[in-house]
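In: Fold the following.
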Amino acid sequence: MLSKPDKEEFALNRPLILLMAAAAGIAVANLYYIQPLLSEIAEYFKVSQATAGMAATLTQVGYALGLFCFVPLGDIKERRSTIVLFLVLTSASLLLMALSTNMSMVLVSSLGIGFFTIIPQLIIPFAAHLANPEERGRILGTVLSGVLIGILLSRTFSGIIGSAFGWRIVYLAAAGMILLLAVLTRKFLPRSLPASKIPYWSLIRSLKGLMKSEPVLKEAAVNGALMFGAFSAFWTSLVFLLETPVYHLGTQEAGMFGLVGVVGALAAPLVGRISDQRSPRFTVGISVILSFLSFICFILIGEKLIGLIIGILLLDLGTQGGQVSNQARIQALRGEIRNRLNTVFMVSYFTGGSLGSFLSTLAWKQFGWTGVCSVGLIFQLLAVLFHYVIFKPEQNICGEKCRE
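Out: Below you'll find the predicted structure:
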């Protein structure tokens, strides 16, 4: 955790909250520029859509690895300088992507982009630490709404820029934005001196027992993996559907669908307030149901524009609500190990996302849109089963209240 004097000297205010939300959103966007560009990259390098789809999968695999290796550093290192370092490394990976001359370089660059883009998961525990407990859900909702808006608008940005100027320009522009963000972060974010001085490998080894010692963390991690797996399955393969004779659309239009999901992202602070007033587990349950209904919509009427739009609204609202609520649950557990708690949750979260992307591209190749929807529906059915049947609400609610 941060040392006490830092927290007393620096008051959390709305401009800082908005800066943290913007920084998290701009950084996380790097993970998703690839999705609307998959068909364009496949055509450019003369490879199959499934091969191009591996770039999206490797980005998320890299992110999961980066989360595991580096996010725990927030408990033992000064956070601002760590954030700036990883912004610079991310910018270098984006530049390598823009300069790729073959598909192998694209895949390596995609892995590197994911590996170093861990900045949002350093910012989130920082915001949770600075927030008063009674406002934590609302503040996390604001920061996480920046994350989801970044995810969704990244597709719009890459779709429009990629269609007009080519996929390389997307990554050149992204590298420039990240360098600018490094300057702003250095100037405006406060220093955050850690209280813990344990060695790095002891820090990593301590992750192993957290799933056993913290049942609420275990539940949140499983739920997050399943919900984000479904989310990634849909967004990875959406561009393939839009290019079929059903829609006759392309890269630019795939990106524009990201704008639809922003409505769900803007609801995140409201979800945070409900979480503060009721309980985070209550809002997780609502989110699971919304995401489940989205795939019912996709599989029944997803080949009609109105069905696709309704499904996206439900999916993004459910995914964002689930992440805000799960983050509120784990950040309320033990303040001195917030980064490690966040590491376990987010590694699980993006492992689920990687699996969803991978299965989605395979399902599209074998079974088309019905296969993609089936992958998402299976993920969501498992999420419903775990939330309402396997995990016992009484035990978990008690566990959260006991921590408080």
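In: What is the neighbour count of the closest residue to Gly62 other than its chain neighbours?
Out: Excluding the flanking residues, the one nearest Gly62 by Cβ to Cβ, 6 or more residues apart in numbering is Gly114, at 2.7 Å. For the C-beta atoms, the positions are set from N, CA and C on the backbone; glycine is no exception. Per other Cβ atoms under 10 Å, the neighbour tally for Gly114 reads 28.
In: Show the average pLDDT along the helix or strand where Gly114 lies.
Out: Assigning secondary structure by DSSP states H and E places Gly114 in helix 103-116. Mean pLDDT, computed over helix 103-116, is 94.
In: Please name every helix or strand in contact with it.
Out: Other elements packing on helix 103-116 under the criterion 3 or more Cβ pairs under 8 Å, 6 or more residues apart in numbering; DSSP states H and E are helix 34-45, helix 49-70, helix 79-98.
In: Between the ones you listed, which one is closest to Ser196.
Out: helix 79-98 (12.4 Å; Cβ to Cβ).
In: Pull the residues that contact the closest one.
Out: Here helix 79-98 makes contact (Cβ atoms under 8 Å, 6 or more residues apart in numbering) with 2, 27, 30, 70, 73-74, 105-106, 108-110, 112-113, 115-119, 122-123, 126, 168-172, 174-176, 178-179, 181-182, 185-186, 189-192, 194.
In: Next, report how far it is displaced from the centre of its chain.
Out: Chain-centre distance of helix 79-98: 18 Å, with Cα atoms, centre = their mean, to the nearest Å.
In: cool, and stretch 167-174?
Out: The answer for stretch 167-174 is 21 Å, by Cα atoms, centre = their mean.
In: List the buried residues in that stretch.
Out: For stretch 167-174, burial by neighbour count (16 or more other Cβ atoms under 10 Å) applies to 167-168, 170-174.
In: so can I have TSV of the helices and strands packed on helix 103-116 showing mean neighbour count and distance to Thr351?
Out: Output for these, formatted as TSV (neighbours: other Cβ atoms under 10 Å; distance: least, Cβ to Cβ, whole Å):
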stretch	mean neighbour count	distance to Thr351
helix 34-45	22	18
helix 49-70	23	5
helix 79-98	21	20
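In: Which of those helices sits closest to Trp369?
Out: Of the helices and strands packed on helix 103-116, nearest to Trp369 by Cβ to Cβ is helix 49-70, at 13.5 Å.
In: and the angle from the closest one to helix 34-45?
Out: Helix 49-70 and helix 34-45 meet at an angle of 130 degrees, taking axes from the mean of the first three to the mean of the last three Cα atoms, to 10 degrees as the criterion.
In: Which strands and helices lie in contact with helix 49-70?
Out: helix 34-45, helix 103-116, helix 215-242, helix 338-385.
In: Low-confidence stretches in the stretch 251-400 of the chain?
Out: 251-255, 258, 261, 263-273, 275-276, 335-336, 392-400 (pLDDT under 70).
In: No further queries at this time; thank you.
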